[in-house]
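Novice: Build me a model from this:
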Amino acid sequence: MRLAVAGATGNIGALTVAALERDGHEVVRMSRSGGVDLSTGEGLDAALAGVAAVVDVISMPAAGADETVAYLGGATRRLLAAEERAGVRHHVLLSIVGVDRVGGNAHYAGKREQERLVAAGPVPWTVVRATQFHDFAEMVAGWGERDGVASLAPLLVQPVAPADVAEVLAETAVAEPRGTHLDLAGPEPQDLVDMARRTHAARGREVRLVPTWSGVFGPDMAGEVLLPGEGARIAPTTFEEWLAAQR
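Specialist: Residues are numbered from 1 along each chain as shown. Predicted coordinates:
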């Protein structure tokens, strides 16, 4: 099957391409470096010729809510329009568990706009909502680290391995469109601060962590807001297994 991955040069995109090619599929890597620009539509029609399904894992650098919604929304509109012209039969969007329960986060606002456009669009679809990745805690701590001190919110998450996310995206792309959302999570809940502490220890780093709700993530993300819903797909790789591979 001929498939396309939008955002193919990113971490999840590259893993998804590898999973699809391992299974014998022909994969079109859609990225600016490959001549496809979703911000303008350049190269889209040529890239989608003969493509049966598209996996959309695009992202963007941190920005305000209006800018994020405008960019992701515009890219999604152009992608869906090109898919309709090409006769693409399935659009698979990577989104976030809890995206409809968190109001103040710019990235979540952008993903909600993508979901809205995909659900209302002309191409049969499936949305895979994944929980935070196993490296999320280390990344968030790094955003505000100063002189060996980092603050981050004590989020309750159920982290998932990026490779497991790619496997589910690849599996979903070659299946029939669901026209609904699928929650995807790792095997067990974790505290974000503890995850960061253990990741730093595995890498031999000493960072003092300060739990706070005054940073990037606020109290609207507390409790079980970021945990998967009933009937979620549970991926196999534990945080401990991922952590062991980092040492």
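Novice: For Leu226, see how far away the residue lying farthest from the centre of the chain is.
Specialist: The outermost residue of the chain, judged against the average C-alpha position, is Asp147 (30.2 Å), by Cα atoms, centre = their mean. For Asp147, the distance to Leu226 equals 29 Å [Cβ to Cβ, to the nearest Å]. For glycine as for every other residue, the C-beta is placed from the backbone atoms N, C-alpha and C.
Novice: Please apply the same query to Ala86.
Specialist: 36 Å.
Novice: okay, the two: which has more neighbours?
Specialist: For Ala86 versus Leu226, the count of surrounding residues by other Cβ atoms under 10 Å is larger for Leu226: 24 against 20.
Novice: give the contact list for that one.
Specialist: By Cβ atoms under 8 Å, 6 or more residues apart in numbering, the contact list for Leu226 reads 97-98, 102, 131-132, 155-158.
Novice: for Phe133, phi and psi?
Specialist: phi -80, psi 160 (degrees, to the nearest 10).
Novice: Could you tell me the model confidence score at the residue nearest to it when sequence neighbours are not counted?
Specialist: The shortest distance from Phe133 to any residue other than its chain neighbours is 5.2 Å, reached at Pro162 (Cβ to Cβ, 6 or more residues apart in numbering). Looking at Pro162, its pLDDT reads 96.
Novice: show me where the chain has helices.
Specialist: Ranges of helices in the chain, per DSSP state H, are 11-22, 44-47, 65-86, 106-120, 136-143, 162-173, 192-202, 239-246.
Novice: burial measure for Leu20, as a count.
Specialist: Neighbours of Leu20 under the rule other Cβ under 10 Å: 25.
Novice: repeat for Val193
Specialist: Neighbours of Val193 under the rule other Cβ under 10 Å: 21.
Novice: My guess is it contacts Leu209. True?
Specialist: Yes - counting by Cβ atoms under 8 Å, Val193 does reach Leu209; the two are 5.4 Å apart.
Novice: Residues that sit against both of the two, list them.
Specialist: Taking Cβ under 8 Å, 6+ apart as the criterion, Val193 and Leu209 both touch Leu152.
Novice: okay, and the helix or strand of the protein with the least pLDDT?
Specialist: Between all helices and strands in the chain, the lowest mean by mean pLDDT, DSSP states H and E belongs to helix 239-246, at a mean of 91.
Novice: Centre of the chain to it, how far?
Specialist: Its chain's C-alpha centre and that of helix 239-246 lie 20 Å apart, by Cα atoms, centre = their mean, to the nearest Å.
Novice: Poorly predicted segments of the chain, please.
Specialist: Nowhere does the chain drop to pLDDT under 70.
Novice: Quickly note the distance from Ala81 to Glu115.
Specialist: From Ala81 over to Glu115 (counting by Cβ to Cβ), the distance is 17 Å.
Novice: If you count surrounding residues, which of these two has more?
Specialist: Between Ala81 and Glu115, Glu115 has the larger neighbour count (other Cβ under 10 Å), namely 20 against 16.
Novice: just checking, that one touches Val99?
Specialist: Yes - using Cβ under 8 Å, Glu115 is in contact with Val99, at 6.9 Å.
Novice: and the closest residue to Val140 other than its chain neighbours, how many neighbours?
Specialist: Spatial nearest neighbour of Val140, chain neighbours left out: Leu152 (5.0 Å); criterion: Cβ to Cβ, 6+ apart. Number of residues near Leu152 (other Cβ under 10 Å) recorded here: 26.
Novice: Likewise for Ala65?
Specialist: Residues within reach of Ala65, counting by other Cβ under 10 Å, total 16.
Novice: Identify the residues contacting the closest residue to it other than its chain neighbours.
Specialist: Nearest non-adjacent residue to Ala65, counting by Cβ to Cβ, 6+ apart: Ala106, 4.1 Å away. Contact partners of Ala106, counting by Cβ under 8 Å, 6+ apart, are 62-65, 67-68.
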